[in-house]
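> Build me a model:
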Amino acid sequence: MKKVILIGIDGATPYLIEKWIRDGKLPNFQKIQGSGVWGRLKSTIPPFSAPAWTSIVTGCNPGKHGIYGFESTGTLEQHIISSRHRKVPAVWNFLTDIGLKNIVVNVPGSYPPEEINGIMITGLLTPSLESNFTYPSYIKQRLKKDDLGNYELEQLWLEDYSRSRIKKHAPQKLLDTINRQLESRAQVALNLMKESDWNFTMVVFRGTDTAQHFLFENKNLLLLCYQKVDEIIGTIMEKIPDALFFIVSDHGFEEIDKMFYPDNVLYNAGYLKPSRDLHDSFTSKFIFLINHLLGSFLKLLPQKTLKESKLIKKLLFSGSSKSNLIDFSKTKAFSTADGRGIQICHKDRYIDGIVMENDYEQVCNEISTLLKGLKDPKDGSKIVKNVYKWYEIYGKDAVDPPDLVFDLKDGITAAEWLRFSDKISNIMHANRRNIPFLFDMDPIGRTGDHSQYGIFLAFGEGIKTNYQVDNMSVEDVLPTIFAAMNIPIPNIVDGKIRDNIFSYKPVTKRVDWKTFSSGKKTLTKGEVKKIQELKRKLK
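The predicted structure follows:
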């Protein structure tokens, strides 16, 4: 069986790579394009990292795996998602079931690590270096310079404050930090592959996502980041020449110049009631001052301090629960799914919900019409391109989906939470019924955000050469990799095998995985320990 390496390049954008290949700037991407398969990879709707990476590793639609954004949609409370929220097995679970060995490094949403046949080091959404983020646990102690290599954890949102300051005053320094982290991930993954027995390795490089969020307008620096990834890919291909390579991104990127706040729209229309009166003079000024002083303070702190300080985490997150900001006893709807979805406070779905079953469809239709009718106050253009009801995207059996999901006009991104104003003078003279819902700047300084299409490349023995694949989605990655490994496809998987990328006819059979894997499962160390404990009790 051929070894397979799945390389994730977070946010890798097709038109940028294609341009730089034509310009001769990315030699290893160019080599793969000429000697393998390439094409665009359609992301989830909305195109965000958490649902898209989960669809890549499960082969399932978000409606089945249950991940729609960085926060759980199964409650009115604010809960960051984890691997426990995933409702279906991932590729490493399937392969563990049949005795194949895995190396998994830096996959977003993989914390806490699972007991797999192999090694797992979790990625984005891992809470801290003090947490148990590796399996087996002893791997954590080896993540140092003179062993497997340094491994820096990313902290969701926290690092963006210091990135904003560095980007403004020293953009090259920000890029240097990003490229250093890219190299560290590559070193750890390569060292693990060198010393371990494995059948499948997955490593995700997230630096391209960070660079494009903050440096998208600076194409010269952005190119340097892509060239670092190109160099890393070349090194891995050189060190593991006999493997099959699959290279994917969870979404692409586009330049943004405006921020849309759907909660502001819902507030203006009376669907959302905040826990405090936004137009109360003292309250609004106090909130404005606290937010701006805290933001200014956080921008001055080094990234290491931001990531390691328990006090700062408490300041940022202890008061950020939706229940502290929204009065759910009077609220019918609020934004979710990283700002691209609307959650209806359905009485039958949530303990604190107030929307009755008989009114649910009407509220959905009213909000859908409201969103579709929104226009940019400056040029009169429509802000929202499409609004979907949950079942139109995720299917009738979806697990806790957002009730509505929407697409935005190019160049506009969205954010959760209410944003009142950027100037205290506007607060003092605010209209008592409406607040702005479209702003000309991102408060943290991001200039790029996610777009619908990422990349797909494949290279190695049995893969066609100089072949372009069309209409591929993130759900198709897992079944296509299983076909390359000559493994039947679990019938739970939604994606399709893209057998047209192979120079031969691959296995396309679908099976009941429980029946297929019965008797072949390799016991994890935790399972062996439980069996041993049970045997001792029975003696």
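> By mean pLDDT, point me to the weakest helix or strand of this protein.
helix 310-317 (a mean of 49; mean pLDDT, DSSP states H and E).
> Phi first, then psi, for the closest residue to residue 509 other than its chain neighbours.
Nearest non-adjacent residue to residue 509, counting by C-beta to C-beta, 6 or more residues apart in numbering: residue 488, 4.6 Å away. No exception for glycine: its C-beta is placed from N, CA and C like everyone else's. With angles defined as degrees, to the nearest 10, residue 488 sits at phi -60, psi 160.
> Correct me if wrong: residue 488 contacts residue 515.
No: counting by C-beta atoms under 8 Å, residue 488 stays clear of residue 515, with 10.6 Å between them.
> With neighbour numbers in mind, choose between these two.
Per other C-beta atoms under 10 Å, whichever of residue 488 and residue 515 has more neighbours is residue 488, with 18 against 9.
> Tell me who's in contact with that one.
482, 507, 509-511, 516 (C-beta atoms under 8 Å, 6 or more residues apart in numbering).
> Sitting in helices, which of those do you find?
482, 516 (DSSP state H).
> Least confident of the contacts of residue 488?
Looking at the contacts of residue 488 by pLDDT, the weakest one is residue 507, with 78.
> For that residue, the count of nearby residues, please.
Using other C-beta under 10 Å, residue 507 has 15 other residues around it.
> which ones are touching it?
Residues counted as contacts of residue 507 (C-beta under 8 Å, 6+ apart) are 482-483, 486-488.
> The residues you listed, buried ones only, as a PyMOL selection?
Buried members of these, defined by 16 or more other C-beta atoms under 10 Å, are picked up in PyMOL with:
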select buried, resi 482+483+487+488
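> Of the contacts of residue 507, which is the nearest to residue 262?
Taking C-beta to C-beta as the measure, residue 482 is the one of those closest to residue 262, at 38.4 Å.
> Leaving out chain neighbours, which residue sits closest to the closest one?
Excluding its sequence neighbours, the residue lying closest to residue 482 (C-beta to C-beta, 6+ apart) is residue 489, at 5.5 Å.
> ditto for residue 383
Nearest non-adjacent residue to residue 383, counting by C-beta to C-beta, 6+ apart: residue 374, 4.5 Å away.
> Would you mark the buried spots in stretch 467-478?
Buried, per 16+ other C-beta under 10 Å, within stretch 467-478: 467, 469, 472-478.
> I misspoke; the intended subject was stretch 451-470.
For stretch 451-470, burial by neighbour count (16+ other C-beta under 10 Å) applies to 451-460, 463-464, 467, 469.
> re earlier: what's the residue nearest to residue 383 in contact with, if anything?
Residue 374 is in contact with 265, 382-384, 437, counting by C-beta under 8 Å, 6+ apart.
> how far away is it from residue 333?
The gap separating residue 374 from residue 333 is 15 Å, by C-beta to C-beta, to the nearest Å.
> mind putting the contacts of residue 488 in JSON lines, distance to residue 107 included?
Below are those laid out as JSON lines (distance: C-beta to C-beta, whole Å):
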{"residue": "482", "distance to residue 107": "17"}
{"residue": "507", "distance to residue 107": "25"}
{"residue": "509", "distance to residue 107": "27"}
{"residue": "510", "distance to residue 107": "25"}
{"residue": "511", "distance to residue 107": "25"}
{"residue": "516", "distance to residue 107": "24"}
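> any weak-confidence spans in the stretch 351-500 of the chain?
Applying pLDDT under 70 to the stretch 351-500 of the chain flags the ranges 421-433.
> quick one, helices of it?
Assigned by DSSP state H, counting those that start in this stretch, the stretch 351-500 of the chain shows helices spanning 357-372, 390-394, 424-428, 477-484.
> who wins for proximity to residue 88 among those?
Proximity to residue 88 (C-beta to C-beta) singles out helix 477-484 among these, at 10.6 Å.
> among the contacts of residue 374, who's most crowded?
Highest neighbour count within the contacts of residue 374: residue 265, with 24 neighbours (other C-beta under 10 Å).
> Give me the spatial nearest neighbour of that one, chain neighbours excluded.
Per C-beta to C-beta, 6+ apart, closest to residue 265 is residue 437, 4.8 Å.
> residue ranges of the strands in the stretch 151-300 of the chain, please?
Assigned by DSSP state E, counting those that start in this stretch, the strands in the stretch 151-300 of the chain fall at 200-205, 244-248, 252-255, 258-260.
> most tightly surrounded among the ones you listed?
strand 200-205 (a mean of 26; mean count of other C-beta atoms under 10 Å).
> neighbouring strands for that strand, and are they parallel or not?
strand 4-9 (parallel), strand 102-107 (parallel) (DSSP bridges).
> Would you mind writing the CA trace of the next helix or strand after the last one as PDB?
Of the helices and strands lying after strand 102-107 in sequence (DSSP states H and E), the nearest is strand 118-122. C-alpha atoms of strand 118-122 as PDB (Å, rounded to 0.1, in the frame of the first residue of the first chain):
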ATOM      1  CA  GLY A 118      -0.400   6.700  15.600                       C
ATOM      2  CA  ILE A 119       0.500  10.200  16.700                       C
ATOM      3  CA  MET A 120      -1.700  13.300  16.900                       C
ATOM      4  CA  ILE A 121      -0.600  16.900  17.700                       C
ATOM      5  CA  THR A 122      -3.600  19.200  17.700                       C
END
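> contact partners of strand 118-122?
Here strand 118-122 has contacts from 83, 92, 96, 101-107, 110-114, 133-136, 139, 143, 151, 188, 192, 196, 198, using C-beta under 8 Å, 6+ apart.
> Which other helices and strands does whichever helix or strand comes after that strand contact?
As assigned by DSSP H and E, the chain's next helix or strand after strand 118-122 is strand 134-135. Secondary-structure packing of strand 134-135 (3 or more C-beta pairs under 8 Å, 6 or more residues apart in numbering; DSSP states H and E): strand 118-122.
> could you give the angle of the strand it packs on to strand 200-205?
Relative orientation of strand 118-122 versus strand 200-205 (axes from the mean of the first three to the mean of the last three C-alpha atoms, to 10 degrees): 10 degrees.
> what lines up beside strand 118-122 in the sheet?
Partners of strand 118-122 in its sheet, by DSSP bridges: strand 102-107 (parallel), strand 134-135 (antiparallel).
> Determine which stretch of the ones you listed is the most buried.
strand 102-107 (a mean of 25).
> mind exporting that strand as PDB, just the C-alpha atoms?
The C-alpha trace of strand 102-107 is given here as PDB (Å, rounded to 0.1, in the frame of the first residue of the first chain):
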ATOM      1  CA  ASN A 102      -1.500   7.800  11.200                       C
ATOM      2  CA  ILE A 103       0.500  11.000  11.900                       C
ATOM      3  CA  VAL A 104      -1.700  14.100  12.300                       C
ATOM      4  CA  VAL A 105      -0.200  17.500  12.900                       C
ATOM      5  CA  ASN A 106      -1.900  20.900  13.400                       C
ATOM      6  CA  VAL A 107      -5.400  20.200  12.000                       C
END
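> Please enumerate residues in contact with it?
So strand 102-107 is contacted by 8, 53, 57, 91-92, 95-96, 110, 116-124, 185, 188-189, 192-193, 196, 198-206 (C-beta under 8 Å, 6+ apart).
> so who does residue 459 touch?
Counting by C-beta under 8 Å, 6+ apart, residue 459 touches 32, 35-37, 237, 244-245, 247.
> Pull the most distant pair out of those residues.
37 and 237 (14.9 Å).
> Between the two, point out the one with more neighbours.
Legend: neighbour count by other C-beta under 10 Å for residue 37 and residue 237, higher for residue 37 (25 against 18).
> Can you tell me how far the more buried one is from residue 503?
Distance from residue 37 to residue 503, counting by C-beta to C-beta: 10 Å.
> Nearest residue to residue 375 in space, ignoring adjacent ones along the chain?
Leaving out its chain neighbours, the residue that sits closest to residue 375 by C-beta to C-beta, 6+ apart is residue 382, at 6.0 Å.
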